[in-house]
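Asks: my questions are about this predicted structure, shown below with the sequence.
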Amino acid sequence: MSALPLPPFRVLRWVIPLFVALACLPWLVEPYQTTLFSYGLVMAIAALGFNLLLGYTGLLSFGHSAYFGVGAYAVALLVKYLKVTSLEVLVVGGIIASALVSALFGFVCVRYTKIFFSILTMALSQVLWSLAFKFYHVTGGSDGLRVPTPTLLGTHIAPGEDKMTYLAHRYYYYVLAIFAVCTALMWVIVHSPFGKALQAIRDNETRAEFVGVQVRHYRWVAFVVSGTYTGLAGALWVPLNGLTTPDILHWTFSGEIVFFTVLGGFGTFTGPIVGAIVFNYLKTFAVGYTVYWQMFLGVVLVTLVLALPTGIMGMVGRLLQGRKAPAS
Amino acid sequence: MDNLIVHVLTALLYASVLFLIAGGLSLIYGVMRIVNLAHGMLYAFGAYVSAWAVGALAVRWPTAALYALLPLGALAAAGLGAILEPTLLRPFYRRAEEYQLLVTFGLLLILGDLMRFLWGPYPLSASQLYEAMGSLTIGETIYPTYNLVVIAVGLLAAVGMWAFVYKTQFGVVLRATSQNMRMAQALGINVNRVYVQAFTLGCFMAGLGGAIIVPSQGAVLDMGVDALIMAFVVVVIGGLGSLEGALVGALLVGVVREVGITFFPEVELAVLYLMAAVVLLIRPAGVFGRP
């Protein structure tokens, strides 16, 4: 067993101050801003998982709403039927449910690549959407399911404590901690021999097979990890939102996940994280500013794909390199 | 027995509209190898244009003359397609499929809001055309006559497409380009022009689907997104890029949906999506597709 691929010092030099700054956030800005940022962090977890497939394995899933939705609905159903209140149990439940569903769907989907993979993932996610939509008695149909504020590490929301403050402080730290663990874990995954094998598959499937990579099996494992990350994001998203509706299972939500990963740049490790957070602000701004927010987002997406296919982080990387080049 | 006839007619009605949408989607994929996620929006666009034209002239024109306005939706969708292909899609043929999906997803968002902007958030209706035709009595059931018109148009479109693709000079060029774009180009075919024509034709079909269904259902904003997914189911079952496949797929989906709504309404949609998934697993190229 080789040593864990630790990030080099030059990376930690940026990451540690960044996390210190994020830890101070609830004291610096209003609760609303912190909560908004929590949404961004949750989506960033989903994007990290999604990018393991798109950026590292070269598979474009148009059905990741399925795993996000399974995570979210697993939490909501656990609350409704088993009266679970502890967030730890709920999150574990969401992880298990989304891992099972992505293992099943992934087993089917990884037989294909390219456009067929995209359509198959989309068709399967629509199966779940239609079930959530139609089984009114179980899922609440289009009304969705309400999820009350859960307990964190055994502590309840204090009597009289404002829910907004609760979300902006304790829940924010909870999400931030899980986000940090997820990011570190994903870093390890993509820099491990497994991650390198995925990249080999992405770059040349035939050659990867010749050097002994079990292509389909590796793709399946990547699919399960990816789906589970997205499911975890869904599980964390529900208490924040307080409600889950079939909208998050619909394929247009899968489109949003693709959107913010590409916005940040799927060729880089940090791109999806940045993309998810930026997209979250962009969407909130657009929704508050105009009823035609979809058009705004559509124009952003088309412009992005036409002019900036490497996304925000790809552009930042180019700018940094351009600044370094003349100096050397 | 009478009930059976009504069920068959309802299945055919749904299949006709689905064939028009899915046939266009399949044609575009067959020729240009591009999956247009915004295709459903062109169907909705056709519906809106027709409903708007009918609504605008309803007071001045006699009802019988209003039927002549319905094809406007199809023409408008074709016109929109003729603008979109050279401007937005052409830069993407040489790039990875991922980008093609993304740019058409962006287009879907834009077109959806464009229709909201032009016609407002409320449904438009052209139901006077639906009601003016009256209804037939089949046994003990009343069946609207207009639905028969829709079925007839779907049938005509299928025959027309077949004749167009297999019996005309342009059809030969279209099929040649679809089989081997480089070879066609080398033989002197203007591939760019074929692409515009194929895309326009595909959009025309989608717009026609919207235009003929609008008197019975009205135009709503969500119709494009829902239609796209059903069209996907159809082309996946029939085979992406095959018109025969789109026809068979549409008929199959029409029948399964009708059976589903009658006997197991809760899982009707799930069964349709699962059907697509199963076909992809057993025959990834679809029933009629080229492997």
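Replies: Nice, I can see it.
Asks: centre of the chain to the host helix or strand of B:Ala206, how far?
Replies: Taking DSSP states H and E as the criterion, B:Ala206 maps to helix B:191-217. Helix B:191-217 sits 7 Å away from the centroid of its parent chain (Cα atoms, centre = their mean, to the nearest Å).
Asks: what helices and strands are in contact with that helix?
Replies: helix B:2-32, helix B:39-57, helix B:71-84, helix B:127-132, helix B:145-167, helix B:169-179, helix B:181-186, helix B:223-238 (3 or more Cβ pairs under 8 Å, 6 or more residues apart in numbering or on different chains; DSSP states H and E). No exception for glycine: its C-beta is placed from N, CA and C like everyone else's.
Asks: closest one to A:Arg216 among those helices?
Replies: Evaluated with Cβ to Cβ, those place helix B:223-238 nearest to A:Arg216, the distance being 21.0 Å.
Asks: angle of the next helix-or-strand element following the closest one against helix B:223-238?
Replies: Next along the chain after helix B:223-238, taking DSSP H and E as the criterion, comes helix B:243-263. Between helix B:243-263 and helix B:223-238, the angle comes out at 110 degrees (axes from the mean of the first three to the mean of the last three Cα atoms, to 10 degrees).
Asks: and helix B:243-263, what's buried?
Replies: Buried residues in helix B:243-263, counted by 16 or more other Cβ atoms under 10 Å in any protein chain shown: B:243-258, B:260.
Asks: can you check stretch B:225-245 too?
Replies: For stretch B:225-245, by 16+ other Cβ under 10 Å, it's B:225, B:227-245.
Asks: which among the residues you listed are in contact with chain A?
Replies: Among the buried residues of stretch B:225-245, the ones lying close to chain A by the criterion of Cβ under 8 Å from any Cβ of the partner chain are B:225, B:229, B:232-233, B:236, B:240.
Asks: tell me where the stretch 1-150 of chain A has helices.
Replies: Counting by DSSP state H, counting those that start in this stretch, the stretch 1-150 of chain A has helices at residues A:9-28, A:31-51, A:65-82, A:87-109, A:114-134, A:136-139.
Asks: quick one: which helix or strand includes residue 272?
Replies: With no chain named, the answer covers chain A. helix A:271-289.
Asks: sorry, I should have been clearer: chain B.
Replies: helix B:268-282.
Asks: just list what that helix packs against, helices and strands only.
Replies: Using 3+ Cβ pairs under 8 Å, 6+ apart: helix B:268-282 touches helix A:114-134, helix B:223-238, helix B:243-263.
Asks: please identify the most buried of the helices of the stretch 1-150 of chain A.
Replies: Counting by mean count of other Cβ atoms under 10 Å in any protein chain shown, helix A:65-82 has the highest mean neighbour count of the helices of the stretch 1-150 of chain A, with a mean of 26.
Asks: which residue sits closest to B:Met230, ignoring its sequence neighbours?
Replies: Closest residue to B:Met230 apart from its sequence neighbours, by Cβ to Cβ, 6 or more residues apart in numbering or on different chains: B:Leu18 at 6.1 Å.
Asks: flag the shaky bits of the stretch 1-150 of chain A, pLDDT-wise.
Replies: A:1-8 (pLDDT under 70).
Asks: ok, B:Ala11 touching B:Val255?
Replies: Yes - applying Cβ atoms under 8 Å, one finds B:Ala11 in contact with B:Val255, separated by 4.7 Å.
Asks: look at B:Ile142 and give its secondary structure.
Replies: Under DSSP: H, G, I helix; E, B strand; the rest coil, the three-state class of B:Ile142 is strand.
Asks: tally of neighbours for the residue nearest to it when sequence neighbours are not counted?
Replies: Leaving out its chain neighbours, the residue that sits closest to B:Ile142 by Cβ to Cβ, 6+ apart is B:Ser135, at 4.9 Å. Per other Cβ atoms under 10 Å in any protein chain shown, the neighbour tally for B:Ser135 reads 14.
Asks: for B:Ser135, what are phi and psi?
Replies: When read as degrees, to the nearest 10, the backbone of B:Ser135 gives phi -150, psi 160.
Asks: and A:Thr244, by the same measure?
Replies: phi -120, psi 130.
Asks: would you mark the buried spots in stretch A:290-301?
Replies: A:292-298, A:300-301.
Asks: pLDDT below threshold where in the stretch 201-328 of chain A?
Replies: For the stretch 201-328 of chain A (pLDDT under 70), the answer is A:323-328.
Asks: around chain B, pick out the residues from it.
Replies: A:251-252, A:255, A:258-259, A:262, A:291-295, A:297-302, A:305-306, A:309.
Asks: contacts made by stretch B:42-52 with the rest, please.
Replies: The contact list for stretch B:42-52, computed with Cβ atoms under 8 Å, 6 or more residues apart in numbering or on different chains, reads B:20-21, B:24, B:69-74, B:76-77, B:80-81, B:111-112, B:115, B:118-119, B:124-126, B:203, B:206-211, B:213-214, B:218-219, B:221, B:223-224, B:227-228.
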